[in-house]
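Return a 3D structure for these sequence lines:
(3 chains)
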Amino acid sequence: MPELPEVESVVRSLSSKIIGRRISNIYINNPNLRNFIDINIGNKLVGSYISEIYRRAKYIVFIMDDFVLIIHLGMTGILLFNGNLSLKHNHVNIFFDDGNYIVYNDCRRFGSFHIINKDEEEVFFSKIGMEPLIESFNYTYLKNLLKGNRCIKSFLMDNKYIAGIGNIYASEILYMCGISPLRQVKDINDVEINNLIYSIKNILTESIKNNGSSIRDYKNADGVFGVYQKFFKVYNRQGKECYNCQNKIEKILVNGRSTFLCNYCQS
DNA sequence: CGCAACTCCTGAGCGC
DNA sequence: TGCGCTCAGGAGTTGC
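Numbers count the residues shown, from 1 in each chain, chains lettered A, B, ... in the order given. Model prediction:
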């Protein structure tokens, strides 16, 4: 899916268009996403005003009068503003009082919809780690968590420690700071921790500026593709030359996920 | 604890 | 043109 920059791009492209709007109708074409969407629960949202939209980890959060709608895009979910209503894999349409609407389309149906009461929001996100782009995501926060034998790449992708980093950005971040994805977290030294933090913030921020990355399905709510994939240094570049040392980029498996690195620049 | 293996699902890309 | 295989941005669960 969409990782942090892609979800952020969706939220930004959506917010000015639907904040202050009232939901006039919800149509569920297929309730069988990762979780089952109860149509009666969906109908509870009709009549609600959307007062705020934000991203938390890889979730899109819609704040309403009494309820909170939380959408996860899974691997292939897209949320299109006034998108084509007759596409294959359209699962949910949300219509607004001004005649506009958003369509949730998700080929693999790994995404999810959660409708909760306002007072349940904190609990919903209680197991999610810190947002990497806020100031308090710093040396002190990370130092305390980098204990044990697990490898740094699986740590970066573990959303209970850091929110929003997925398989693509984990590889890109580790290349930027010269750390091998296989390094055990307890062996990351203080200089490397600071470099890692810098790389996380830099890569995610740059990607957001480019509307994220579009590998195949992803686009923001305006239907605009991200272009950050043009700047990938290692992801999907196995066999090609490292931009820094000209040795070949390698592809390995880490916890079953494709991982890309330069064995000379990363150690 | 870490992690491998599996689950959910569809389709693109590849070799033959 | 088609078949079968592998792989894909996530994340939860199970079992070792």
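
Per-residue confidence, residue A:1, what does it come out as?
pLDDT for residue A:1: 62.

need the residues of the stretch 101-250 of chain A near DNA strand B, please.
With Cβ under 7 Å from any atom of the strand as the criterion, the stretch 101-250 of chain A meets DNA strand B at residues A:107-110, A:148-151, A:154, A:216. To be clear about C-beta, it is placed using only N, CA and C from the backbone, and glycine gets the same treatment.

Nearest residue to residue A:51 in space, please, no chain neighbours.
In space, and not counting its chain neighbours, residue A:51 is closest to residue A:63: 5.2 Å by Cβ to Cβ, 6 or more residues apart in numbering.

Let's see the pLDDT reported for the one you found.
For residue A:63, the predicted pLDDT is 97.

Can you confirm whether stretch A:41-60 lies near DNA strand B?
No: residues of stretch A:41-60 contacting DNA strand B under Cβ under 7 Å from any atom of the strand: none, with a closest distance of 14.7 Å.

List the buried residues for that stretch?
Under the neighbour-count criterion of 16 or more other Cβ atoms under 10 Å, stretch A:41-60 has A:41-42, A:44-45, A:48, A:50, A:53, A:55-60 buried.

go on, stretch A:7-26?
So, applying 16+ other Cβ under 10 Å, buried residues of stretch A:7-26: A:7-15, A:17-18, A:21-23, A:26.

quick one: which of those is nearest DNA strand B?
Using Cβ to the nearest atom of the strand, residue A:7 comes nearest to DNA strand B of these, at 18.4 Å.

returning to what we had before: just the ones of the buried residues of stretch A:7-26 in helices?
Among these, the residues falling in helices (DSSP state H) are A:7-15, A:17-18.

ranges for the strands of the stretch 1-150 of chain A?
Here the stretch 1-150 of chain A has its strands, by DSSP state E, counting those that start in this stretch, at A:23-28, A:50-56, A:59-64, A:67-72, A:77-81, A:90-96, A:101-106, A:112-117.

could those strands go into TSV alongside distance to residue A:257?
Formatted as TSV, those follow (distance: least, Cβ to Cβ, whole Å):
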stretch	distance to residue A:257
strand A:23-28	32
strand A:50-56	23
strand A:59-64	21
strand A:67-72	18
strand A:77-81	19
strand A:90-96	26
strand A:101-106	21
strand A:112-117	20
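
Identify whichever of those lies nearest to residue A:236.
The closest of the strands of the stretch 1-150 of chain A to residue A:236 is strand A:77-81. By Cβ to Cβ, the value is 20.4 Å.

near DNA strand C at all, the closest one?
No: on the criterion Cβ under 7 Å from any atom of the strand, strand A:77-81 is out of touch with DNA strand C, staying 9.2 Å away.

quick revisit: give me the buried subset of the residues of the stretch 101-250 of chain A next to DNA strand B.
Those of these that meet the buried threshold are A:107, A:109, A:151, A:154, by 16+ other Cβ under 10 Å.

Can you read off the pLDDT for the third one?
Looking at residue A:151, its pLDDT reads 94.

wouldn't it be in contact with residue A:187 here?
No: Residue A:151 is beyond contact range of residue A:187, at 10.0 Å (criterion: Cβ atoms under 8 Å).

picking that back up, show me the residues around the residue nearest to residue A:51 that make contact.
Residue A:63 is in contact with A:50-54, A:118, counting by Cβ atoms under 8 Å, 6 or more residues apart in numbering.

Quick check: bridge partners of it?
For residue A:63, the beta-bridge partners are residue A:52, residue A:68 (DSSP bridges).

Now the stretch 151-267 of chain A against DNA strand C: closest residue?
At 1.8 Å from DNA strand C, residue A:166 is the closest residue in the stretch 151-267 of chain A, using Cβ to the nearest atom of the strand.

Just give me the neighbour total for that residue.
Other residues near residue A:166 come to 20 when the count uses other Cβ atoms under 10 Å.

how about the strands in the stretch 151-267 of chain A?
Applying DSSP E, counting those that start in this stretch to the stretch 151-267 of chain A gives strands spanning A:250-254, A:257-261.

what comes into contact with the first one?
Looking back up the chat, that one is strand A:250-254. With Cβ under 8 Å, 6+ apart as the criterion, strand A:250-254 contacts A:151, A:153-154, A:181-182, A:238, A:258-263.

Perfect, I'm done here.
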